[in-house]
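my questions concern the predicted model and sequence given below.
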Amino acid sequence: MQEYHIRDNLHHGTVATSFSLVIICLLLYIICTKRRKEKNFKENGGKFLKNQRVRIFNEAELVKATNNYADVQKLGEGGFGSVYKGVLADNTLVAVKKFKGVDKAQMNEEFQKEIGIVSQVNHKNVVKLLGLCLETKVPLLVYELISNGTLYKHIHDKGSQILASWSNRLRIALDIALALNYLHSLADPPIIHGDVKSVNILLDNNYTAKIADFGTSVLISPGQTNILASKIQGTFGYLDPEYLMTGILTVQSDVYSFGVVLVELLTGEKPNSISSSGEKQHIIQHFISALETNNLFKILDLQATDEGEMDEIEAVAELAKACLNSMGVNRPTIKQVSDRLAMLNDHTQKSWTQQNSDETDFLLGETSQSLRKEADHRMTPSQTVISFQIENYTDSI
């Protein structure tokens, strides 16, 4: 009996010791995790950034928002990381950019560069930064979620209806140009985006275009006009050939890339694909050739509804050609491009308004005539005489 009690006491003692070890290990884990997060927060510039006009998220709320960065939440992947869809506790939809790579120093350098750019940008046609998380090894960026996906998807998914009308294509082109004009001329300091392409242009609920992804962007210091790149960055097919040859990046490099996006909008073709006719010819050369030989409307991805639209399409095509000049100094500035597109867009809007007004007047006129005929049909002879006398009286006045 005594031996049984000894064994029982030993068993309880072992359980209590094990439980205590588990508690101690758990506390140590919590303490280490907290210290790690504090260390990351400090190393990632937390003391400075928390005083900026951006929200600081904790790691746990972003893990929960993205369902622990599940594959089904992934919106896309780029050279520096992946972007995940998330839903915050207040039901705000966000896009969380998670940098990839094992070189923490390089990733932090990319983060610091991007946060330095996007934190000062504020324009309706540029994706807005909502905040960041500094508790992770490499910080996370949290952007507003743009619900209708990329322009690339709408151009190349032939089931999309948003680009069915020329007016929508023109308005989207104008939105992009306005965003680039803001970056080049109105941001302080000015910014070269460096990777303008249809994948980096997002459409919101109203199909307003917004430029995203500043991973390859650079700030232009006072007195600078160009940047000598240590390595070529960007996307093949959209890259400025002058930048490719010299390694010198300028605002005119963005203008060239914008020209490629215009061609993509007009033709529905990918910039690095062969022409739809099957010829082994780069789509840019094919486009310029078609424009110069008066065959533009044979390669378009849309049908013009009238001569006015045909003129506008030709004007935008000529603008695209100018943007694609092989020499940057011979390209228009993005300000000149946006002004021209704004003028064309205003003309389109006025034509649309006038057309609707004419249709309304026509319908009201037909209704008025119909009602008058019906009233005349119902009039008695005496009523007809009275009406005639009133009309004559009015004429005499």
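Everything's here; your move. Numbering: from 1, shown residues only.

got phi/psi on the residue most central in space within the chain?
Taking Cα atoms, centre = their mean, the centroid of the chain lies closest to residue 202, which sits 2.7 Å from it. Main-chain dihedrals, residue 202, degrees, to the nearest 10: phi -110, psi 150.

how close does it get to residue 83?
11 Å (Cβ to Cβ, to the nearest Å). The way it works is simple: take the backbone N, C-alpha and C, and place the C-beta from them, glycine included.

same question for residue 120.
With distances taken as Cβ to Cβ, residue 120 is found 21 Å from residue 83.

hang on, residue 297 packs against residue 309?
No. Residue 297 is beyond contact range of residue 309, at 10.8 Å (criterion: Cβ atoms under 8 Å).

which element is the closest residue to residue 89 other than its chain neighbours on?
Leaving aside its chain neighbours, residue 89 sits nearest to residue 61 (6.8 Å; criterion: Cβ to Cβ, 6 or more residues apart in numbering). Using DSSP states H and E, residue 61 sits within helix 59-65.

list the contacts of that helix.
Identification of contacts with helix 59-65 by Cβ atoms under 8 Å, 6 or more residues apart in numbering yields 37, 69, 86-89, 94, 96, 133, 135-136, 140, 142.

run the last query once more with 7 Å
Under the criterion Cβ atoms under 7 Å, 6 or more residues apart in numbering, residues 37, 86, 87, 88, 89, 94, 96, 133, 135, 136, 140 lie in contact with helix 59-65.

ok, what's across the strand from the third one?
In this case it means residue 87. On the basis of DSSP bridges, residue 87 is bridged to residue 93.

quick one: the helices in the stretch 101-250 of the chain?
Secondary structure of the stretch 101-250 of the chain by DSSP state H, counting those that start in this stretch: the helices cover 104-118, 151-156, 166-181, 241-246.

rewinding a little: and the helix holding residue 61, how far out from the chain's middle?
24 Å (Cα atoms, centre = their mean, to the nearest Å).

quick one: buried residues of it?
59, 62, 65 (16 or more other Cβ atoms under 10 Å).

same check on stretch 156-173?
Residues of stretch 156-173 classed as buried by neighbour count (16+ other Cβ under 10 Å): 156, 163, 166, 168, 169, 170, 171, 172, 173.

kindly report the same for stretch 248-259.
Residues of stretch 248-259 classed as buried: 249, 250, 251, 252, 253, 254, 255, 256, 257, 258, 259 (neighbour count, 16+ other Cβ under 10 Å).

ok, now stretch 114-125?
So for stretch 114-125, counting by 16+ other Cβ under 10 Å, buried means 114, 115, 117, 118, 121, 123, 125.

burial of the residue lying closest to the first one once chain neighbours are set aside, as a residue count?
Yep, that's residue 114 we're talking about. Nearest residue to residue 114, sequence neighbours excluded (Cβ to Cβ, 6+ apart): residue 214, at 5.2 Å. By other Cβ atoms under 10 Å, 24 other residues sit near residue 214.

separation between residue 214 and residue 97?
Taking Cβ to Cβ, one finds residue 214 at 10 Å from residue 97.

residue ranges in this structure under the pLDDT threshold?
Where the chain drops to pLDDT under 70, the residues are 1-16, 18-19, 26-53, 79, 101-108, 273-281, 351-397.

per-domain residue ranges of it.
Using automatic domain parsing, the domain parsing of the chain gives 41-145, 149-397.

please name the nearest non-neighbouring residue to residue 236.
Leaving aside its chain neighbours, residue 236 sits nearest to residue 272 (6.0 Å; criterion: Cβ to Cβ, 6+ apart).

I'd guessed that neighbour sits against residue 237; true?
Yes. Residue 272 lies in contact with residue 237 (Cβ atoms under 7 Å); the separation is 3.5 Å.

neighbour count winner among these two?
residue 237 (16 against 13).

quick one: contacts for that one?
By Cβ under 7 Å, 6+ apart, residue 237 lies in contact with 260, 271, 272.

ok, now how distant is it from residue 282?
Separation of residue 237 from residue 282 (Cβ to Cβ) stands at 8 Å.

same check, this time on residue 288
Distance, residue 288 to residue 282, using Cβ to Cβ: 10 Å.

all strands of this protein, in order?
Listed in chain order, the strands of the chain (DSSP state E) span 55-57, 74-77, 81-87, 93-99, 129-133, 140-144, 191-192, 201-203, 209-211, 218-219, 227-228, 248-249.

distance to residue 292 added to the ones you listed, as CSV?
As requested, the strands of the chain are arranged in CSV below (distance: least, Cβ to Cβ, whole Å):
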stretch, distance to residue 292
strand 55-57, 52
strand 74-77, 36
strand 81-87, 40
strand 93-99, 41
strand 129-133, 43
strand 140-144, 41
strand 191-192, 30
strand 201-203, 28
strand 209-211, 29
strand 218-219, 34
strand 227-228, 33
strand 248-249, 29
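
could you export stretch 237-257 as CSV, CA atoms only?
Taking C-alpha atoms only, stretch 237-257 is exported to CSV below (Å, rounded to 0.1, in the frame of the first residue of the first chain):
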residue,chain,number,x,y,z
GLY,A,237,8.2,44.3,-74.6
TYR,A,238,7.5,47.5,-72.6
LEU,A,239,11.1,48.6,-72.1
ASP,A,240,12.5,51.7,-73.7
PRO,A,241,15.1,50.6,-76.3
GLU,A,242,17.2,53.6,-75.5
TYR,A,243,17.3,52.5,-71.8
LEU,A,244,18.2,49.0,-72.9
MET,A,245,21.1,50.2,-74.9
THR,A,246,22.5,52.8,-72.6
GLY,A,247,21.3,51.8,-69.1
ILE,A,248,20.1,55.4,-68.7
LEU,A,249,16.5,55.7,-67.3
THR,A,250,14.6,58.9,-67.9
VAL,A,251,10.9,60.1,-67.6
GLN,A,252,10.8,59.5,-71.4
SER,A,253,11.3,55.8,-70.7
ASP,A,254,7.9,55.8,-69.0
VAL,A,255,6.5,57.6,-72.1
TYR,A,256,7.8,54.8,-74.4
SER,A,257,6.2,52.2,-72.1
